Every structure is written in C-alpha cells, then in structure tokens.
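>>> coords please:
(one chain, ligands or ions: 2)
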Amino acid sequence: MGKDTGFLEVNRQGPAMRQPEERIKDFKEHYLPLGEKATEQASRCMDCGVPFCNSGCPLGNRIPEFNDAVYRGDYREAYSVLRTTNNFPEFTGRICPAPCEAACVLGINNNPVTIEFIEKEISEKAWEEGWVVPKLPVVRTGKSVAVVGAGPAGLAAADQLNQKGHRVKVFERDARVGGLLTYGIPDYKLEKHVVARRAAIMEEEGVVFQCNTEIGTDITLEELRESFDAVLITIGSKQPRDIRAKGREAKGVHFAMDFLHLNNQKVAGDAPVGQDITAKDKTVLVIGGGDTGSDCIGTSIRQGAKEVIQVTIEEQPPLERAENNPWPEWPRIMRTSSSHEEGCERIWGLNATSFNSDEQGNLVSVSFDEVRGEELAGRWQFVPTGTQRTIECDMAVLAIGFVHPEHEGLVSGAGLSTDPRGNIAAEGFKTSMEGVFTAGDARRGQSLVVWAIAEGRQAADAIDVSLAES
Ligand SMILES: Cc1cc2nc3c(=O)[nH]c(=O)nc-3n(C[C@H](O)[C@H](O)[C@H](O)COP(=O)(O)OP(=O)(O)OC[C@H]3O[C@@H](n4cnc5c(N)ncnc54)[C@H](O)[C@@H]3O)c2cc1C
Ligand code: SF4
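Ligands and ions are numbered 1, 2, ... in the order given. Prediction:
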C-alpha cells in the first residue's frame with residue numbers, strides 16, 4: 001500500500017470530459033486521460049484486509065496491487081499485474097461499468113476508488129511506452145482450435161489458447177473483428193483503433209482471423225469439427241427483444257442494433273451503399289432505459305437529431321441506495337450517462353401500446369399506457385394506472401434488450417441444444433456436441449464485456465484440459 005492516509009486526504013476525481021457542445025460534433029472519445037491525477041487517485045486505495053473490489057471484478061483483477069504500483073510510479077509493474085488477469089485492460093478501462101467500484105470498501109461511507117480510469121491510464125501508458133509487444137508461445141502443441149465469433153469472449157479465448165501453444169483460427173461474420181466492441185459500442189466510448197491495434201498484436205503472435213465468414217452458412221460446424229481439434233462458439237446474443245404493439249411495422253421504427261451497427265460502419269467509412277438509418281433533423285424516441293438506449297441517444301444527438309426523448313417502463317430509481325440494496329451489491333440508483341448530459345428528456349413508467357403512422361405508413365407518434373410496478377401473485381408486474389399518453393416522433397428506436405443468440409444458421413442448422421432461455425446449452429463450457437464449446441453472451445445471455453473476457457478465459461482453460469486428455 002502506497003500511502004496509508006491517502007483516502008483521508010484525497011477526494012475521488014475522474015478524468016475530465018470534453019464539453020458536451022464540443023464532443024457532440026464528432027464521434028471521438030469523450031473522456032480525456034486521467035494523467036497526473038492517477039497517482040493521487042491510486043493513493044486512495046486502502047489495501048483493506050479483504051479487497052471486495054477483487055471479487056466484485058468478474059476477472060478477479062488484482063486491484064490493490066496495481067493501485068500500489070501506480071502510486072509508486074511503476075506503471076510497468078502495474079501493467080504486468082493487470083495483464084495476469086485481464087487480456088484487454090484497454091477495453092475494460094474505457095467501457096466497464098466497474099462492478100469492482102460498487103464493491104470498493106471505501107464506498108461504504110465515501111466515494112470508491114476510481115479503479116476503471118486507473119486501469120485505462122495503466123494500459124494507455126503501456127501502449128505509449130511500447131511495452132505491448134508480440135509474445136510468441138514457447139512451444140506449439142500441434143493441436144488446433146476454431147473460434148467462431150471475434151467479440152471479446154472469442155478474442156480472449158483465442159489469446160489464451162494461442163499462448164498455451166495451440167493453433168487458433170477465428171472466424172468472424174462481420175468485416176472487422178471486435179463484435180459489439182466494434183459494431184455496438186459507439187466510438188465516443190471506444191474508438192475502434194483500440195480494438196484493431198490489439199488484434200494486430202494477436203495476429204503477430206500467430207492467431208489467424210478470417211472475417212466475412214459466417215459459420216453455419218459459408219462453412220458448416222461439421223466441417224470445422226473435421227478440420228480442428230476443438231471448436232469454441234462465441235457468437236454473442238443478438239436476437240433483439242421486440243414490442244408486439246399495434247402498428248409496429250410503421251416506417252421509422254428500428255431495432256437499436258440496426259441503428260448503432262450502421263452508424264459504427266459509417267464512422268469507420270465502410271457503411272453499405274444505399275442503406276441508411278439517420279436521426280438527422282428528427283424527433284427521436286428511444287424506448288428502453290439501459291446502456292444500449294443511452295448509446296442510441298448519444299448517436300442520435302451526434303447525427304443531428306432535432307430532439308431526443310427516452311422512455312422506459314421502469315419507475316424512476318432513487319438517487320441513493322435503498323435500504324434493501326446495501327453495499328457491496330450493485331447499486332440500483334438513478335444513473336445519468338454522458339449521453340443524457342448532452343440533451344435528452346427522460347420519462348419513466350410508460351409501456352408502448354401502439355405505433356401510429358400517417359397515410360404513407362411513416363411513424364408520427366407512439367402511444368403508451370402509464371404503468372407502475374406492483375408485486376402480483378408473487379411476480380413483479382407493470383400495471384396500467386389508467387392514464388394514456390401519446391408522444392409525437394419521426395423515428396423510434398427499440399432498445400429493450402436481447403433475448404438470446406440468433407438461432408437461424410449455426411445453432412439450429414447444426415442442432416446445438418439450447419437452454420430454457422434460448423442460450424446455447426452448456427455444461428461448464430461444453431455444448432451438447434463432442435468437441436464443441438461455448439462462452440460469452442451466447443452462453444450466459446447479453447451481459448458485459450468484462451464477463452465475456454472472463455468466460456473466454458475460462459472456456460480456453462476447459463478446452464486446454466480437454467485437448468490434453470484427447
Ligand atoms: C449497444 C451495446 C452497448 C454495450 N455497451 C457496453 C458497455 O459499455 N460496457 C460493457 O461492459 N458491455 C456493453 N455491452 C455488452 C457487451 O458488448 C457484450 O456483453 C459483449 O460484447 C459480449 O461479448 P461476446 O464476445 O460474447 O459477443 P459479441 O460481442 O456479440 O460478439 C459476437 C461475434 O460473433 C459474430 N458472429 C455471430 N454469428 C456468427 C457466425 N455464425 N459465424 C461467425 N461469426 C459470427 C458476430 O458478428 C460478433 O462479432 C453493450 C452491448 C450493446 C448491444
Ligand atoms: S475489469 Fe471492470 S470490474 Fe474489473 S477491475 Fe476493471 S473496471 Fe473493475
């Protein structure tokens with residue numbers, strides 16, 4: 001522990017952000033580096049006897065150890081501590097919701113240590129200083145693994161398996177690797193060169209990427225099983241949850257991922273010709289109160305929307321933890337994202353009942369029932385209050401989550417078993433098919449990048465054991 005009184009002397013401070021009126025003019029990252037402040041922020045870590053942050057992090061990051069190294073100015077050591085548990089701290093340091101901070105002991109009666117931004121600072125220093133260099137495996141085992149899907153779960157597994165000496169080839173349907181890191185999360189949270197530079201290092205280390213290839217369509221799972229000693233399926237969970245309401249087919253109602261995917265392609269300069277969904281000059285209604293909804297708000301504002309309104313079925317959460325939501329649980333409190341700060345009206349407690357269109361079929365408004373949450377017959381339900389409300393808009397974006405991985409193509413074509421929620425069924429990480437494994441959102445349902453990395457690492461261990469036994 002660097003400084004035993006740091007937490008008494010220094011208040012929590014995050015990095016500065018670009019001002020809203022500046023940052024909405026482009027898709028560049030909105031946070032500025034933490035810089036010099038990292039040293040004193042790291043000094044707030046108390047090195048408490050039981051570091052709850054460590055178990056709050058799905059990767060088990062050794063947080064007190066890297067905080068201590070940062071306080072001492074030894075970023076090289078901090079990076080090597082971080083890399084022992086996290087393949088991609090440059091991703092999580094930017095976009096992790098930081099469950100570690102929710103569990104930080106300082107958070108009991110003070111603001112938690114700013115762990116996520118310290119993580120970003122460490123990883124950026126490592127890239128700047130040239131410490132991130134290809135590390136070739138010492139021996140090759142002669143075994144081979146195919147990874148299907150190049151999101152964070154597939155990338156983490158590929159990295160681990162390659163370092164264990166297996167030959168790894170990653171098949172990706174999209175034109176670029178990264179999964180939702182590349183095509184879901186907007187650039188203002190994570191610029192895509194950050195993903196590309198990591199993929200380039202992995203390629204130099206021997207991982208082979210084959211993009212524009214859909215398994216289940218271009219190559220069958222059976223063909224992969226014949227050509228590789230093991231197959232890992234990390235195809236994410238992209239089947240969107242829909243709203244079955246009157247008029248749903250109106251022109252101007254879009255799924256969030258169609259909108260975000262296309263926007264990220266536009267920013268990268270490779271959007272398909274003739275296809276567009278744009279918020280420019282429109283009143284945009286974002287339905288759904290989560291992070292995906294926030295990403296749709298920030299993207300709409302940057303595209304030049306006239307007005308953005310966000311509605312959600314949930315009740316407005318409290319500003320502080322409720323008594324039944326104590327530390328170290330994840331705090332169920334009102335959150336204001338950077339996108340909200342950029343200008344957005346927020347309305348709670350509304351359930352969409354119809355999408356209304358003009359004679360040409362263009363969306364003109366959405367009608368809602370006002371609802372409140374109640375426990376009925378042991379289940380939490382949203383009950384109409386009897387009041388209706390109609391909101392005028394030109395475009396509606398549905399950001400109400402994802403139900404399970406896409407079944408069409410790979411999953412149903414190959415006959416992979418699914419669990420009752422529609423995710424790929426697995427015992428541990430083994431699917432119903434010999435030699436075929438699964439991890440990430442495809443196995444656990446739509447989750448977080450940090451969980452995808454953790455699952456990729458664990459699945460790699462399971463595959464390594466099974467290859468050693470075969
Ligand atoms: C809009 C949005 C914003 C988010 N923001 C955050 C955030 O800020 N922080 C956070 O922690 N989490 C966030 N998440 C969640 C996070 O991105 C996911 O939990 C994570 O990316 C899951 O990783 P994965 O590797 O399992 O799947 P994915 O990232 O979905 O990657 C799956 C990959 O498989 C490919 N694929 C699918 N089918 C095939 C096939 N048949 N053949 C070949 N390839 C295939 C896909 O093209 C994709 O590249 C967000 C999610 C969304 C939708
Ligand atoms: S990966 Fe996420 S949970 Fe883990 S230490 Fe980093 S910010 Fe915290």
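
>>> setting aside sequence neighbours, what's the nearest residue to Trp451?
Distances taken as CB to CB, 6 or more residues apart in numbering place Pro58 nearest to Trp451, at 5.1 Å, with adjacent residues excluded. From N, CA and C alone the C-beta is placed, and that goes for glycine too.

>>> and Lys164, by the same measure?
Counting by CB to CB, 6+ apart, Asp464 is the residue found nearest to Lys164 once chain neighbours are left out, at 5.2 Å.

>>> isn't that neighbour up against Val168?
No - the criterion here is CB atoms under 8 Å, and Asp464 misses it with Val168 at 11.5 Å.

>>> next, the buried residues of stretch 192-211.
For stretch 192-211, a neighbour-count test (16 or more other CB atoms under 10 Å) marks 192, 194-195, 198-199, 202, 205-207, 209 as buried.

>>> out of these, who's nearest Asn356?
Closest approach to Asn356 among these (CB to CB): Lys192, at 37.5 Å.

>>> measure the closest one to Val267 for me?
Counting by CB to CB, to the nearest Å, the gap from Lys192 to Val267 is 8 Å.

>>> which SSE is Ala156 in?
According to DSSP states H and E, Ala156 maps onto helix 152-163.

>>> so after that helix, what's the next helix or strand?
strand 167-171.

>>> next SSE downstream of that following strand?
For strand 167-171, the following helix or strand on the C-terminal side (DSSP H and E) is helix 180-183.

>>> quick one: mean pLDDT over the next helix or strand after that following helix.
The first helix or strand that comes after helix 180-183 along the chain, using DSSP H and E, is helix 193-204. Taken as a whole, helix 193-204 carries a mean pLDDT of 98.

>>> tell me if helix 193-204 is near ligand 1.
No - residues of helix 193-204 contacting ligand 1 under CB under 6 Å from any ligand atom: none, with a closest distance of 10.7 Å.

>>> tell me which residues are up against that helix.
88, 90-91, 94, 127, 132-134, 150, 155, 158-159, 162, 176-178, 181-182, 209 (CB atoms under 8 Å, 6 or more residues apart in numbering).

>>> what's the answer for stretch 319-327, then?
102-103, 107-108, 331-334.

>>> so which residue of the stretch 201-350 of the chain comes closest to ligand 1?
Gly236 (2.2 Å; CB to the nearest ligand atom).

>>> and that residue, which of the three is it?
coil (DSSP: H, G, I helix; E, B strand; the rest coil).

>>> the closest residue to it other than its chain neighbours and Lys238, how far apart?
Counting by CB to CB, 6+ apart, Gly236 lies nearest to Asp441, which is 4.6 Å off, once chain neighbours are set aside. Using CB to CB, we find Asp441 at a distance of 8 Å from Lys238.

>>> which neighbours do these two have in common?
In contact with both Asp441 and Lys238: 402, 405, using CB under 8 Å, 6+ apart.

>>> ok, these two, which is more surrounded?
Asp441 (29 against 21; other CB atoms under 10 Å).

>>> so that one sits against Pro405, correct?
Yes - Asp441 lies in contact with Pro405 (CB under 8 Å); the separation is 7.1 Å.

>>> overlap in contacts, the two.
With contacts taken as CB under 8 Å, 6+ apart, Asp441 and Pro405 have 236-237 as neighbours in common.

>>> ok, back up a step: the helix holding Ala156: how far from the chain's middle?
Taking the mean of its C-alpha atoms, helix 152-163 sits 17 Å from the chain's own mean (CA atoms, centre = their mean, to the nearest Å).

>>> just want the angle from that helix to strand 167-171.
160 degrees (axes from the mean of the first three to the mean of the last three CA atoms, to 10 degrees).

>>> quick revisit: where does the residue nearest to Trp451 fall, secondary structure wise?
Per DSSP H and E, there is no helix or strand for Pro58.

>>> what about it, neighbour count?
So Pro58, with other CB under 10 Å, has 22 neighbours.

>>> contacts only, for it.
Applying CB under 8 Å, 6+ apart, one finds that Pro58 lies in contact with 99, 448, 450-451, 453-454.

>>> so which of those residues belong to helices?
Counted as lying in helices by DSSP state H, out of those, are 99, 450-451, 453-454.

>>> tell me where the stretch 351-470 of the chain has helices.
All helices of the stretch 351-470 of the chain, identified by DSSP state H, counting those that start in this stretch, fall at 410-414, 441-444, 449-469.

>>> tell me the predicted confidence for the residue in the stretch 301-450 of the chain positioned nearest to ligand 1.
Relative to ligand 1, the nearest point of the stretch 301-450 of the chain is Gly440 (2.4 Å; CB to the nearest ligand atom). As predicted, Gly440 sits at a pLDDT of 98.

>>> could you do Lys164 as well?
With respect to pLDDT, Lys164 scores 98.

>>> that one contacts Pro137, correct?
Yes - applying CB under 8 Å, one finds Lys164 in contact with Pro137, separated by 7.2 Å.
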